[in-house]
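Q: Just a sequence and a predicted model for now, questions to come.
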Amino acid sequence: MDKLVVHGGSTLRGAINISGSKNASLPILAAAILTGEDCIIRRVPDVSDTNYMIQILSALGADVERSSGTVRISCADIIDEAPYELVRRMRASICVMGPLLARNGRCVVSLPGGCVIGDRPVDLHLRGLEALGAKIEFEGGNITLTAPDGLKGAEIDLRGTHGPTVLGTDNVMMAATLAEGITVIESAAAEPEVLDLANFLNAMGAKITGAGTRRIVIEGVKELRGVEHTVIPDRIEAGTFMAAAAIAGEGVTLRRVCREHMKAITAAIEESGHRVEFNEAGDSCTIHRGEILQGVEISTAPYPGYPTDMQAQMTALLATTPGLSVIKDTIFPQRFMHCAELKRMGADIKVDNGTAVVRGVERLSAAPVMASDLRASAALVLAALTAKGSTEISRLYHIDRGYEHIDEKLLMLGANVQRVKDR
């Protein structure tokens, strides 16, 4: 098992390319199930989550080739049962459910296990698919969905307790592309990753309007065709490196970003006193560390609000930002496990009922810390960049789920980091 050793005190300079979006790639890879023709998907990040999805597709009978960020998938013959051993490793594997059901009229998928950042039930996915005509059975930890008479369009409200469901919207949208008639999804997720999936499906011959808004309309078609598609930039990776540049940088440039997707993250970093300059095209930005810094108040919200996936990284930035900051996570109120590890490094953070109150300290100090989930691990790396001494971050497999070669990118910017085998 690997761990990352971060030697604090280096100044980050230079430029890096941001990878394709992990959260867009996963449902797009799954959507290739909807056609028997070849799909070519570019800028798929080399992270363990996309590797698991490719393994699941292969296990379902797909012919998959991967070469330096480009994935070719042919689903000419596909079975309808996703193997538990692979599905259990990644919650997002649930998004094979919609396309499998639409393509084969039946699918069997294991229930995802518990999640360290709180309960993320699949009931909204099932409610949506049931409205399209699926029959649902639970047995032995598996969900079996059948639609012997095919799927039929319906009006579906996907409103959840903590806002819209992104993967639930993806699942229902994919299933509805081959359903008979018109499907309307109300309270749909409006994230850029949902729009990217819709663009992929439309290129395949689907008829989807309204993606990127709270109301999506899908007119079912008889069949879909193979296409080529380039995945959007990963706004969370971009935000993470934006925070790294604010913590320890001196004019760091991020290429292959999308300014439109980054508005809430950029606003929070600018509000704390740093400067972010985008080029005219909005696909590159340079972050300048501010001189007069201040605490901020952040409340996570569905897009276009501040993303829960950037909550931990911003907490790391604010840990050494003068003044008082308040961070409320309305989507995953239990997502504060990184705070205990940051406190081991000297951060002054109090967590209560889904809210962290952060009093900025002058400097953190190195300590052995442990990653508890993907974004928490990124927060620990950021905090370690300016901490006094060398910080050892164990359970690095969490960060490898969603960041493509993060250690190599930090080295390119001048950070002093090394990946080592944990004894």
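A: Nice, thanks for sending it over.

Q: Contacts only, for S74.
A: By CB atoms under 8 Å, 6 or more residues apart in numbering, the residues touching S74 are 36-39, 62-64, 226. In short, each C-beta sits where N, CA and C put it, glycine included.

Q: swap the cut-off to 6 Å and go again
A: Under the criterion of CB atoms under 6 Å, 6 or more residues apart in numbering, the contact partners of S74 comprise 38, 63.

Q: again, but for T286
A: 251, 253, 277.

Q: Quick check: pLDDT value at it.
A: Looking at T286, its pLDDT is 98.

Q: the bottom helix or strand of this structure by mean pLDDT?
A: When each helix and strand of the chain is scored by mean pLDDT, DSSP states H and E, helix 84-87 comes last, with a mean of 82.

Q: can you list the residues that contact that one?
A: 55-56, 93, 110.

Q: try it again with 10 Å
A: Defining contact as CB atoms under 10 Å, 6 or more residues apart in numbering, one finds that helix 84-87 is touched by 52-60, 93-94, 96, 108-113, 140-142.

Q: Packing partners of the helix or strand following it?
A: Next in sequence after helix 84-87, counting helices and strands by DSSP states H and E, comes helix 97-104. Contact analysis of helix 97-104 by 3 or more CB pairs under 10 Å, 6 or more residues apart in numbering; DSSP states H and E lists helix 22-31, strand 106-110, helix 123-131, strand 142-146, helix 166-176 as its packing neighbours.

Q: Centre of the chain to the last one, how far?
A: Average the C-alpha atoms of helix 166-176, do the same for its chain, and the two points are 16 Å apart (CA atoms, centre = their mean, to the nearest Å).

Q: what's the answer for stretch 90-101, then?
A: 15 Å.

Q: for it, how far is the first residue from the last?
A: For stretch 90-101, the first-to-last residue distance is 20 Å (CA to CA, to the nearest Å).

Q: same deal with stretch 281-295?
A: 30 Å.

Q: For L197, which non-adjacent residue is spatially closest?
A: P27 (4.9 Å; CB to CB, 6 or more residues apart in numbering).

Q: number of nearby residues for that neighbour?
A: As a burial measure, P27 scores 27 neighbours (other CB atoms under 10 Å).

Q: Please report how far it lies from M174.
A: 7 Å (CB to CB, to the nearest Å).

Q: Equivalent analysis for A367, please.
A: Counting by CB to CB - A367 and M174 are separated by 44 Å.

Q: Please identify which of these two sits among more neighbours.
A: When A367 and M174 are compared for neighbours, M174 comes out ahead with 31 against 19, by other CB under 10 Å.

Q: Please give me every residue in contact with that one.
A: M174 neighbours (CB under 10 Å, 6+ apart): 27-28, 30-31, 33-34, 95-103, 197-198, 200-201, 206, 218, 224.

Q: Now, of the residues you listed, which are buried?
A: 27-28, 30-31, 33-34, 95-103, 197-198, 200-201, 206, 218, 224 (16 or more other CB atoms under 10 Å).

Q: what residues go with each domain of the protein?
A: 2-19+233-421, 22-230 (automatic domain parsing).

Q: What are the buried residues along stretch 262-274?
A: By 16+ other CB under 10 Å, the buried positions in stretch 262-274 come out as 262, 264-266, 268-269, 272-274.

Q: pLDDT on it, on average?
A: The model assigns stretch 262-274 a mean pLDDT of 98.

Q: chain center to it, what's the gap?
A: 20 Å.

Q: My read is that T50 contacts G402, right?
A: Yes: the pair T50 / G402 is scored as a contact, 9.3 Å apart, by CB atoms under 10 Å.

Q: which residues do the two both contact?
A: K22.

Q: Now do the longest helix anywhere in the chain and helix 22-31, the angle between them.
A: Using DSSP state H, we find that the single longest helix of the chain is helix 235-248. On the basis of axes from the mean of the first three to the mean of the last three CA atoms, to 10 degrees, helix 235-248 is oriented at 160 degrees to helix 22-31.

Q: Show the average pLDDT along helix 235-248.
A: 98.

Q: Stretch 206-216: which residues count as buried?
A: 206, 208, 210-212, 214, 216.

Q: Identify, from these, the entry nearest to A371.
A: Using CB to CB, G212 comes nearest to A371 of the buried residues of stretch 206-216, at 32.3 Å.
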